[in-house]
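Visitor: Attaching a predicted model along with its sequence, questions to come.
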2 protein chains.
Amino acid sequence: MSETTSDAALRERAAKVIPGGMYGHLNAAIFAPGYPQFFVRGEGCRQWDADGREYVDLMCSWGPVILGHRHPRVEQAAAAQRAAGDCLNGPGPVMVELAELMVDLIPSADWVMFSKNGTDATTQALMVARAATGRTKVLVAHGAYHGADPWCTPSLSGTTPNERADLIEYPYNDLAGAEEAAARAEGDVAAIIVTPFKHDSFEDQEMVDPVFARGVRALADRIGAALVIDDVRAGFRLDLRGTWEPYGVRPDLTAWSKAMANGYAIAAVTGVDALRGPAQTLYSTGSFWFSAVPMAAARATIETLREIDGPALMERAGTRLREGLAAQAAAHGFTIRQTGPVQIPWLSFAGDATLDKGMYFSAACLREGVYLHPWHNWFLSAAHTDADIDRALAGTDAAFTALRAKFGAD
Amino acid sequence: MSETTSDAALRERAAKVIPGGMYGHLNAAIFAPGYPQFFVRGEGCRQWDADGREYVDLMCSWGPVILGHRHPRVEQAAAAQRAAGDCLNGPGPVMVELAELMVDLIPSADWVMFSKNGTDATTQALMVARAATGRTKVLVAHGAYHGADPWCTPSLSGTTPNERADLIEYPYNDLAGAEEAAARAEGDVAAIIVTPFKHDSFEDQEMVDPVFARGVRALADRIGAALVIDDVRAGFRLDLRGTWEPYGVRPDLTAWSKAMANGYAIAAVTGVDALRGPAQTLYSTGSFWFSAVPMAAARATIETLREIDGPALMERAGTRLREGLAAQAAAHGFTIRQTGPVQIPWLSFAGDATLDKGMYFSAACLREGVYLHPWHNWFLSAAHTDADIDRALAGTDAAFTALRAKFGAD
């Protein structure tokens, strides 16, 4: 077998015509060594890289794939719409049907606006809040990811101070900190934006403290600001009604994207009735925002998730994975932390601040045909059967063995 | 036939679940009375609304459709890619192939970054310019449309002063004005952004003065700023190499979207080699930016446009339309102006500042089965045959007759 894999050959070509050969969250150069950059096939919860290697996929393309690749019902709905029309001079009836479905499903949704990127939805939500309040500032949790526009990208490169000047940071799960941040804004808070749990990269995830969730709701009400939940990453995996619904905390606005159409490009903002008027005052649009095929795919995805109780299936798969990993770590003598909801899990090793063990482990999993991530949370789908999880666990067991040979037990 | 059309019934439902029933550039409420909101089918250069009415389409979904709906080669390329995989854990080989094609085709392109919306591309281009220069200000033509993010949306609703604070306006086609704007920035200009011609809504279009084009290129060089051409709207219709290539003026960065994949959602920034390093420093990404199907569609679209000389076909169709409209206006006794390139035309009536005639004319065209726009430029596609244009002209002739009956000749 040649040293030059297809992936290596593609990277060499890519380096000439794409800055750095790749960029953004799928840039394999920023994962662990050995990660393939290019992929050629997906089927259910399996993916194949450009060298034909098959993986049990625990990343789901960083969230979008929630029913598995090439899900028949979603593909049929998309194909039927495509045969009629996609990008037309107006939306199709499916836009109304999808909006009705979401308003029916999501208790905090009286209306929906569609777009393409998660960033479109978070940005649009803040615009609605600002239009409603006439205020400028937004309270945002330190280190939270809300997208990659200049106002929110984690890197300051290419951004200006003015583009960040309307943000005031608060510490996640710290209500006193959020109240202090609000006080600093001196009555000028348009919105408090919050992810449904803390899913920042490079660190353990943290579920929301229900006291904090209820507290920011009360804070927003007290200061007349909109509470915006950024459910782009977590949406549709824990609770189809919205990730904070089990806590009884309802937002004024929610940003959705990623999993809502099983990989088709779509995003949405849902909002309460009081914000309908302000939402109408925006000029917010895009060339492909009203295309019918992704809407047909979204409708089929959400209906399917509701019918099969997708979150319960992902909870079952995630629990099996979490229990299996816990048993393996104990058997191999490693102290691990598994954080976040089981449907969107992450694993870290005790005392591994440098991520040396995490990087080694994820690369070892990769060699064993299991695709997961060393410093970003993982995602399960409704396509992960017990057998798929067991196949993944066979790979992680071998990876723990390799890890022990390299680092020794804790 | 019932008073309640399908369109009316859909609007009634939409009003309950979508702010205003619709929003953005496809919101029919902001065109002329009588425009349908919902569309159900597209084929070549024809579209059908929710009540089954067929139109010769002169809007091409506001630009994206350039080869006609359901173009066999584009659909085949998309379907083949879809059968393998779309939204995977990394891009497909098609990302490299598409980037190579664009670098080969576009003289000012040494590299490409892909995204989803035209707004993503204009925003990303400014980020690259800012990363390269370490500067903050951007010179932007008064009234130009560069997208719908807070920094550029035509409405101030939902935006903050800080989000606009890094823009300095200049008058289009006014080199002294651009130089004055640059002077106001006192050495802090990261970029000059410019559309390849003036295509602002509600007014006659204006081709670029080649002296201005060469002048802003020289100005950017003199002050060390990047020249950014926003070719999102015009790209691929006048010259596949970039709309200013015939003038011999090459940008440092170009934003592309709309027509590049015949309706599939994709956008791109191309740039010169000197900006490759700065581009690598950005964190700019999106959940669906690396999906393979729109890239396969883009590759097929651009290759087809190159092989059939798409711009020449659109020029032929546009010239036939322009000449036909000119003859009809003269015959009916109206003084009209037809502005912009023939591939992206617009028609206005002399002394019609209120757009009363324009609105009436476009609504009359609609009733005659011709879809065009009263205050936004139109778009032709390579699917518009002589027979299609003649069919459109039959409709416009009847509309001129109706216009004369209503307003009398000039």
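Guide: Structure's in. What do you need? Numbers count the residues shown, from 1 in each chain, chains lettered A, B, ... in the order given.
Visitor: Smallest gap between the stretch 301-410 of chain A and chain B, at which residue?
Guide: Residue nearest to chain B within the stretch 301-410 of chain A: residue A:371 (6.1 Å; CB to the nearest CB). Every C-beta, even on glycine, is put in place using the N, C-alpha and C of the backbone.
Visitor: Pull the number of nearby residues for that residue.
Guide: Residue A:371: 26 surrounding residues under other CB atoms under 10 Å in any protein chain shown.
Visitor: so it makes contact with residue A:45?
Guide: No: in this structure, residue A:371 is not within contact of residue A:45 by CB atoms under 8 Å, at 9.9 Å.
Visitor: Common neighbours of those two, please.
Guide: Shared contacts of residue A:371 and residue A:45, defined by CB atoms under 8 Å, 6 or more residues apart in numbering or on different chains, are found at A:56-57.
Visitor: On the three-state scheme, the residue nearest to residue A:293 when sequence neighbours are not counted is what?
Guide: Nearest non-adjacent residue to residue A:293, counting by CB to CB, 6 or more residues apart in numbering or on different chains: residue A:86, 4.4 Å away. Three-state call for residue A:86 (DSSP: H, G, I helix; E, B strand; the rest coil): coil.
Visitor: Report the contact partners of residue A:86.
Guide: Residue A:86 neighbours (CB under 8 Å, 6+ apart): A:291-293, B:42, B:69, B:263-264.
Visitor: repeat for residue A:373
Guide: Applying CB under 8 Å, 6+ apart to residue A:373 gives the contacts A:31, A:58-59, A:362.
Visitor: Strands of the stretch 151-300 of chain A, residue ranges please.
Guide: Using DSSP state E, counting those that start in this stretch, the strands of the stretch 151-300 of chain A run over A:167-170, A:189-194, A:226-230, A:253-256, A:267-271.
Visitor: would you turn those into TSV with distance to chain B?
Guide: Shown next, in TSV, are the strands of the stretch 151-300 of chain A (distance: least, CB to the nearest CB, whole Å):
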stretch	distance to chain B
strand A:167-170	10
strand A:189-194	8
strand A:226-230	12
strand A:253-256	11
strand A:267-271	8
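Visitor: Chain B contacts on the stretch 251-400 of chain A?
Guide: Contacts of the stretch 251-400 of chain A with chain B, taken as CB under 8 Å from any CB of the partner chain, map to A:257-258, A:263-265, A:271, A:276-291, A:294, A:371.
Visitor: Mind checking which of those residues are buried?
Guide: Neighbour counting by 16 or more other CB atoms under 10 Å in any protein chain shown classes A:257-258, A:263-265, A:271, A:276, A:278-291, A:294, A:371 among these as buried.
Visitor: where does the closest residue to residue A:300 other than its chain neighbours land on pLDDT?
Guide: Excluding the flanking residues, the one nearest residue A:300 by CB to CB, 6+ apart is residue A:77, at 3.7 Å. As predicted, residue A:77 sits at a pLDDT of 98.
Visitor: before we move on, what about the one 4 residues further on?
Guide: Confidence at residue A:81, expressed as pLDDT, is 98.
Visitor: so which helix or strand takes in it?
Guide: Assessed by DSSP states H and E, residue A:81 sits inside helix A:72-84.
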